[in-house]
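Student: Predicted model and sequence below, questions to follow.
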Amino acid sequence: MPPSPSLRPQGAEPPIRDRGDACPGALRLHSAADGHLARVRLPAGDLTVRQAEALADAADRLGDGWLSLTSRGNAELRGLPEGCGGQLAALLRDAGLLPSERHERIRNILASPLAGLDRHTAADVRLWARELDGLLCASESATALSGRFLFVLDDGRGDVAALGGDVSLVAEAAGPGAPTAHEDAPGAGRPAGSGATALLRVGDDPAALRIAGPDAPRAALTAAEAFLTAAGSSGSGAWRIRELPDGHGLTARTVADRLHAAGIGAVPVAGTAAGTHTAAADSSAPGVIEGRDGARALSVLAPLGRLSVAQWRLLTVIAAEDGAGALRLTPWRGIVVPGLSAATAAARLRELSAAGLVTAPDSPWHRIGACTGRPGCAKSRTDVRADATAAVTAGTPVPGPGSVSAARPGPGDPEPADAALRHLPVYWSGCERRCGHPHGAWVDVLATAEGYRVSVVRPETAPAPHPAPPAAPSAAPSPATS
């Protein structure tokens with residue numbers, strides 16, 4: 001699923017939810033055309049080697065031999081047989097991947113994957129993520145959150161702050177005017193964020209609240225609890241903050257009252273953009289990440305977000321033998337292996353490249369994504385992965401020259417459409433749901449009954465719910481009708 005839903009058209013009424021969300025989990029399996037699907041939540045994308053080995057075993061013994069990476073840094077297992085739920089749960093439980101079965105679908109925590117690994121950002125948000133996960137799993141009220149509610153923790157480089165979080169924390173360097181953590185408050189005095197402050201944001205509200213670092217995880221949970229109160233009083237059954245109806249919306253101002261009542265200091269900050277470390281590494285780009293004291297991390301991408309068990313096990317071996325014994329999954333369907341030495345990093349990256357993973361920014365697979373498509377999804381009009389693969393192999397990841405519609409630059413955006421296409425993510429979808437599409441601006445390659453329709457989606461627009469007349473046929477096969 002995408003980090004957030006498509007933008008609601010201006011003036012449209014928010015939805016009324018008369019049921020809980022149907023998002024799959026590790027215990028609630030989804031029945032797909034290729035068998036059952038399990039989605040394993042991995043807060044901040046963190047995995048130990050042991051946990052990664054357990055996921056490989058599950059995919060090998062129970063699934064189709066592949067692991068899928070999601071746009072929230074989680075992992076999915078597909079092709080699971082009927083009646084395997086108990087065996088899967090036991091595998092995950094033994095590896096520590098199910099700390100609370102009642103909370104397993106709501107542990108949606110996205111964090112900057114390179115925090116603390118390059119030379120310019122601290123690791124505070126990774127510590128916040130661990131503490132927030134513990135607080136979530138200990139909260140009775142949090143079990144009412146939907147499987148789509150998202151926490152986003154940005155280390156200050158701005159890589160995940162724009163990915164549509166319901167509650168977002170953006171790390172700041174400590175400075176004058178920062179609030180002080182309450183020493184008698186739960187969580188105070190802990191190392192998480194002790195040297196920094198955080199900007200707390202709620203939904204799309206441009207205002208923010210400055211929070212002391214040690215209070216950041218508890219503030220995020222308090223904001224989520226404020227959402228549950230607002231959703232309950234509205235009677236809308238909202239799953240996400242953006243779905244709250246007029247008169248019941250959640251803002252930084254209303255959350256501030258809840259924070260003060262909980263003993264958490266909060267200083268209002270009006271309409272500031274997330275500060276970014278311009279020197280920080282691009283966390284979406286594959287390659288070797290140079291860290292402090294000669295340390296290196298490897299960042300690779302999975303073509304179309306899928307890895308074979310053999311590729312996954314190779315990453316696990318590298319993490320165990322040459323790394324820090326851990327892996328991090330990213331919202332760009334990638335994997336980061338931290339803790340290598342300069343002497344081993346380049347050779348290991350070449351090994352991963354030979355195994356078929358994306359290891360360089362100039363790879364034709366960089367920024368190319370696709371939904372599951374057929375045969376895994378019965379709603380898809382075609383096998384979009386096969387079509388995307390054929391197009392990339394042919395050197396035409398965007399079908400058909402001159403076939404882009406709605407790609408003209410907007411006000412203040414002089415970049416021509418053809419230049420824009422070279423820098424934007426390209427996402428192939430088998431139907432109008434566009435499951436897993438990127439956030440922000442992206443090239444939409446949508447299968448229709450007549451061919452692929454191509455357009456550019458920008459943050460101020462939403463994908464067309466009904467396809468316009470399609471582009472001319474591309475190098476990739478035209479989709480079949482369903």
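Tutor: Ah, there it is.

Student: would you list every one of the helices in the stretch 1-150 of the chain?
Tutor: Along the stretch 1-150 of the chain, the stretches classed as helices by DSSP state H, counting those that start in this stretch are 49-61, 85-94, 124-138.

Student: Pull out the buried residues from the helix or strand where A216 lies.
Tutor: If you go by DSSP states H and E, A216 is part of helix 216-234. Buried residues in helix 216-234, defined by neighbour count with 16 or more other CB atoms under 10 Å: 216-228, 230-231, 234. No exception for glycine: its C-beta is placed from N, CA and C like everyone else's.

Student: quick one: the closest residue to D94 other than its chain neighbours and P113, what's the gap?
Tutor: Using CB to CB, 6 or more residues apart in numbering and skipping the chain neighbours, the partner closest in space to D94 is A54 (7.0 Å). As judged by CB to CB, to the nearest Å, A54 and P113 stand 21 Å apart.

Student: Can you show me the helices along the stretch 251-400 of the chain?
Tutor: In the stretch 251-400 of the chain, the helices defined using DSSP H, counting those that start in this stretch lie at 252-261, 309-321, 342-354, 384-393.

Student: residues making contact with the third one?
Tutor: Taking contacts as CB atoms under 8 Å, 6 or more residues apart in numbering, the residues outside helix 342-354 that touch it are 287-288, 294, 296-298, 300, 314-315, 318, 322, 337, 340, 359-360.

Student: follow-up on the earlier one: what would the helix holding A216 look like as CSV? C-alpha coordinates only.
Tutor: Taking Å, rounded to 0.1, in the frame of the first residue of the first chain, the C-alpha atoms of helix 216-234 are listed here in CSV:
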residue,chain,number,x,y,z
ALA,A,216,9.2,12.6,21.3
PRO,A,217,8.0,8.9,21.3
ARG,A,218,5.5,9.6,24.0
ALA,A,219,4.3,12.7,22.2
ALA,A,220,3.7,10.7,19.0
LEU,A,221,1.6,8.2,20.9
THR,A,222,-0.4,11.0,22.6
ALA,A,223,-1.1,12.5,19.2
ALA,A,224,-2.4,9.1,17.9
GLU,A,225,-4.6,8.8,21.0
ALA,A,226,-6.0,12.3,20.2
PHE,A,227,-6.9,11.1,16.7
LEU,A,228,-8.8,8.2,18.1
THR,A,229,-10.8,10.6,20.3
ALA,A,230,-11.5,12.8,17.3
ALA,A,231,-12.5,9.9,15.1
GLY,A,232,-14.8,8.5,17.8
SER,A,233,-16.6,11.8,18.4
SER,A,234,-17.0,12.4,14.7
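
Student: Now do that helix, average pLDDT.
Tutor: The average pLDDT for helix 216-234 rounds to 96.

Student: Show me what that helix is packed against.
Tutor: When contacts are defined as 3 or more CB pairs under 8 Å, 6 or more residues apart in numbering; DSSP states H and E, helix 216-234 sits against helix 124-138, strand 167-173, strand 196-202, helix 252-261.

Student: Would you mind listing where the stretch 101-250 of the chain has pLDDT under the threshold?
Tutor: Filtered on pLDDT under 70, the stretch 101-250 of the chain yields the residue ranges 174-195.

Student: need the contact list for S284.
Tutor: By CB under 8 Å, 6+ apart, the neighbours of S284 are 159, 330, 332, 334.

Student: quick one: which two of those are the most distant?
Tutor: The most widely separated members of these, counting by CB to CB, are D159 and G334 (11.9 Å).

Student: what touches both of those two?
Tutor: Counting by CB under 8 Å, 6+ apart, the residues touching both D159 and G334 are 113, 284.

Student: nearest to G45, of the contacts of S284?
Tutor: Using CB to CB, these come closest to G45 at T330, 6.1 Å.

Student: Pull the number of nearby residues for the closest residue to that closest one other than its chain neighbours.
Tutor: Distances taken as CB to CB, 6+ apart place P113 nearest to T330, at 4.3 Å, with adjacent residues excluded. P113 has 28 neighbouring residues, counting by other CB atoms under 10 Å.

Student: Over to the one 3 residues further on?
Tutor: Residues lying near G116 (other CB under 10 Å) number 17.

Student: That one and T448, how far apart?
Tutor: Plainly put, G116 is 45 Å away from T448 if you go by CB to CB.

Student: again, but for D21
Tutor: Relative to T448, and taking CB to CB, D21 is found at 28 Å.

Student: Of those two, give the one with the bigger neighbour count.
Tutor: Higher neighbour count among D21 and T448: T448, with 20 against 15, using other CB under 10 Å.

Student: Hmm, C84 and H36 touching each other?
Tutor: Yes. H36 lies in contact with C84 (CB atoms under 8 Å); the separation is 7.2 Å.

Student: any idea of the pLDDT on P361?
Tutor: Model confidence at P361 (pLDDT) stands at 94.

Student: residue contacts, it?
Tutor: Contacts of P361 by CB under 8 Å, 6+ apart are 282, 285-287.

Student: could you redo the last one with a cut-off of 7 Å?
Tutor: Applying CB atoms under 7 Å, 6 or more residues apart in numbering to P361 gives the contacts 285-287.

Student: residues in contact with T222?
Tutor: By CB under 7 Å, 6+ apart, the contact set of T222 is 258-259, 262, 264.

Student: out of the residues you listed, who has the most neighbours?
Tutor: Going by other CB under 10 Å, I264 tops the contacts of T222 with 25 neighbours.

Student: Confirm for me that that one is in contact with D215.
Tutor: Yes. Counting by CB atoms under 7 Å, I264 touches D215, with 4.8 Å between them.

Student: Mind exporting the C-alpha coordinates of stretch 351-359 to PDB?
Tutor: Extracted C-alpha coordinates of stretch 351-359, given in PDB (Å, rounded to 0.1, in the frame of the first residue of the first chain):
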ATOM      1  CA  GLU A 351      28.600  -9.500  -5.200                       C
ATOM      2  CA  LEU A 352      25.100  -8.100  -4.700                       C
ATOM      3  CA  SER A 353      25.200  -6.600  -8.200                       C
ATOM      4  CA  ALA A 354      26.100 -10.000  -9.600                       C
ATOM      5  CA  ALA A 355      23.100 -11.500  -7.700                       C
ATOM      6  CA  GLY A 356      20.700  -9.200  -9.600                       C
ATOM      7  CA  LEU A 357      20.200  -6.400  -7.100                       C
ATOM      8  CA  VAL A 358      20.300  -2.700  -8.000                       C
ATOM      9  CA  THR A 359      23.500  -1.300  -6.700                       C
END
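
Student: Tell me which residues of that stretch come out buried.
Tutor: Neighbour-count burial for stretch 351-359 flags 352, 355, 357-359 (criterion: 16+ other CB under 10 Å).

Student: same thing with stretch 299-319?
Tutor: Judged by neighbour count (16+ other CB under 10 Å), stretch 299-319 contains these buried residues: 299-309, 311-319.

Student: No further queries at this time; thank you.
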